[in-house]
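[1] Structure of the sequence below:
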Amino acid sequence: MAKTTRKTFLLSELFEKEIESLEKLEELKSAYHQYFESVILEIPKMDTLSHMLWAKRVKLNFGPYENLTFFEMSNRIYSDLVLLEAAKILFVEHQIKSVMLKMSNHSGRDLTVIDKNNTEILGEAFNTAPSYFQGKMRSELKKFDDGKVGIIAFNSCGLDNKNNTFLENKKKQYPRVLFIKCKI
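    Numbers count the residues shown, from 1 in each chain. Next up, the predicted model:
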């Protein structure tokens with residue numbers, strides 16, 4: 001019997017198309033954020049270890065996600081927020097023609113950009129704690145080892161002094177990669 005996968009991202013149909021303007025992106029961001037305004041997340045009161053296990057094991061419905069644990073949902077939501085902010089930065093500061101975002105946890109490239117010269121540029125995005133920043137960045141940069149033009153977007157709060165130095169070195173090592181710090 002074939003395993004069926006259950007859809008977890010409720011806004012899939014909105015994000016399956018190219019976004020061709022900053023205005024359209026803002027509409028999609030608004031739709032995304034409206035899911036949080038209409039739901040109250042109830043966190044049960046329990047001892048610390050039970051609470052931690054609850055966050056890792058109990059499946060919930062919240063915001064644009066369903067049937068995920070609090071831990072999984074948090075990771076996806078904050079990665080989505082990095083993608084949305086990166087797209088805004090690309091429209092405003094780099095005058096791109098369009099962007100396609102892979103919201104949620106799909107495999108493959110997180111974003112595909114058509115720049116002002118009609119060149120397709122692939123990109124990755126992540127949200128991580130400072131302690132994981134360098135490992136995650138190394139993993140994403142491997143995808144551009146062959147000198148490809150690319151984009152890597154990440155949460156700015158993942159940077160501390162050590163990670164800032166690391167990032168500056170990687171910018172020199174990967175001059176064809178655009179690094180986008182997203183404040184979320």
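
[2] Note down every partner strand of the helix or strand of the chain with the lowest mean pLDDT and its orientation.
    Across the helices and strands of the chain, the lowest-confidence element by mean pLDDT, DSSP states H and E is strand 59-62, at a mean of 90. Using DSSP bridges, the strands paired with strand 59-62 are strand 65-69 (antiparallel).

[3] Alpha carbons of the strand it pairs with, as CSV, please.
    Taking C-alpha atoms only, strand 65-69 is exported to CSV below (Å, rounded to 0.1, in the frame of the first residue of the first chain):
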residue,chain,number,x,y,z
TYR,A,65,0.1,24.9,9.2
GLU,A,66,-1.7,21.9,10.4
ASN,A,67,-0.7,18.4,11.6
LEU,A,68,2.7,19.5,12.8
THR,A,69,4.4,19.7,16.2
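
[4] Give me the mean pLDDT for it.
    Taken as a whole, strand 65-69 has a mean pLDDT of 92.

[5] What residues of it count as buried?
    Residues of strand 65-69 classed as buried: 65, 68 (neighbour count, 16 or more other CB atoms under 10 Å). To be clear about C-beta, it is placed using only N, CA and C from the backbone, and glycine gets the same treatment.

[6] contacting residues around the residue positioned nearest the centre of the chain?
    What sits nearest the mean C-alpha location of the chain, by CA atoms, centre = their mean, is Ser79, with 2.8 Å. In this structure, Ser79 makes contact with 105, 110, 125-127, judged by CB atoms under 8 Å, 6 or more residues apart in numbering.

[7] what angle separates the lengthiest helix in the chain from strand 65-69?
    Using DSSP state H to assign secondary structure, the helix with the most residues in the chain is helix 70-94. Computed with axes from the mean of the first three to the mean of the last three CA atoms, to 10 degrees, the direction of helix 70-94 lies at 130 degrees from that of strand 65-69.

[8] Understood, closing this out.
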